[in-house]
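Undergrad: structure for this input, please:
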Amino acid sequence: MTCRRVLLLVAAAVSIAAHGADAGGKDRTLERLARVAELYRDNALGFACQETIAYSGSESGRIQFAYLFIRDEGGRLRDFRTWRTGTTAKERGQEVHPADYHVPVFLESAYLWAFVFRSDRQPLFRFTRLGDDGALERAAVKLGFEPREPIRKGLNDWAGVAWIDRDTTQILRVEAYTPTDWKRKMRRDAGVAMERQPYDIERFVTEFGFEKNGMRFPSHVEITTIRSRVVPGAIPEVLRESTLRRVTQDYSRFRFFSVRSREEITHFVNGEGPLPAVP
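TA: Coordinates of the predicted model:
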């Protein structure tokens, strides 16, 4: 056997081993992320905070809401905006919606990204390990996610990249797109010649910058609409982009009514046992 053939076989073996290690690491990360997602569905999770929405573009403005993450009468977790914060329906007052106050676009629930990784939803997505990175001053693993056909509204209608804390498996950052805008982004990033007519790409970035007992909560959302177009007649062709609209959602003044202890959260995410019953 020639030296060249030996080197090729060694390189192939290393590649296969690395691929297997990456796949195994991705699978372990997804198992832990499924448990993290369950923490957001836990009955013991209760908090309120202040949400500040600011927007600019064709029009600009700023508005604040009291924000809660609640379980409604049907048992579904969702966000709830009002003018004042309280633990009961009577105390928190009437629900309000940003769209009624001229907010052009907003993320209804910054917590929805955790549910991408629920064990029952993972088969609806294709996950790809994109290597190591950093986010929020933490070492992170990057996971790409794309929906598998058919796309189902409210279940697998997002694509993008998530930055996952390498030590705790908590979500640090998510950059997400609708499937249509994701395909446009992929074509643009690959340098494929684009349509002569300009088109828009909307990007949703969420940072989980607030930490409580080892669990991460969203602190900042940025929604940006970018218009991309090829400059006609330029040699080589030039891609120009402009920001049409920018919306931010910031969360502060967190108040927790109940939350699991750091030990309970760590043990559950590590697969060391179920969550104990709430007293």
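Undergrad: helix or strand with the lowest mean pLDDT in this protein?
TA: helix 89-92 (a mean of 58; mean pLDDT, DSSP states H and E).
Undergrad: tell me the helix or strand right after that helix.
TA: helix 112-115 (DSSP states H and E).
Undergrad: so which elements touch that following helix?
TA: The contact analysis (3 or more C-beta pairs under 8 Å, 6 or more residues apart in numbering; DSSP states H and E) places helix 112-115 against helix 3-41, strand 171-177. (Glycine included, C-beta is placed from N, CA and C.)
Undergrad: rank the ones you listed by pLDDT, which is bottom?
TA: Mean pLDDT per stretch puts helix 3-41 lowest among the helices and strands packed on helix 112-115, at a mean of 63.
Undergrad: R184: what's its closest spatial neighbour, skipping adjacent residues?
TA: I201 (5.4 Å; C-beta to C-beta, 6 or more residues apart in numbering).
Undergrad: bridged to the one you found, which residues?
TA: Under DSSP bridges, the beta-bridge partners of I201 are I226.
Undergrad: in the chain, which ranges drop under the pLDDT threshold?
TA: Residue ranges of the chain with pLDDT under 70: 1-24, 43-45, 85-92, 191-197, 230-238, 278-279.
Undergrad: what's the longest strand in it?
TA: What stands out as the longest strand in the chain, according to DSSP state E, is strand 238-258.
Undergrad: figure out how far that one is from the centre of its chain.
TA: Centroid separation for strand 238-258 versus its chain: 12 Å, with C-alpha atoms, centre = their mean, to the nearest Å.
Undergrad: what strands line up against it, and which way round?
TA: Here strand 238-258 has these sheet partners by DSSP bridges: strand 46-56 (antiparallel), strand 220-231 (antiparallel).
Undergrad: output the contacting helices and strands for the helix or strand just after that strand.
TA: Following strand 238-258 in sequence order, the next helix or strand is helix 262-269 (DSSP H and E). Applying 3+ C-beta pairs under 8 Å, 6+ apart, one finds that helix 262-269 contacts helix 3-41.
Undergrad: quick one: contacts for A54?
TA: By C-beta atoms under 8 Å, 6 or more residues apart in numbering, A54 lies in contact with 60-62, 247-248, 250.
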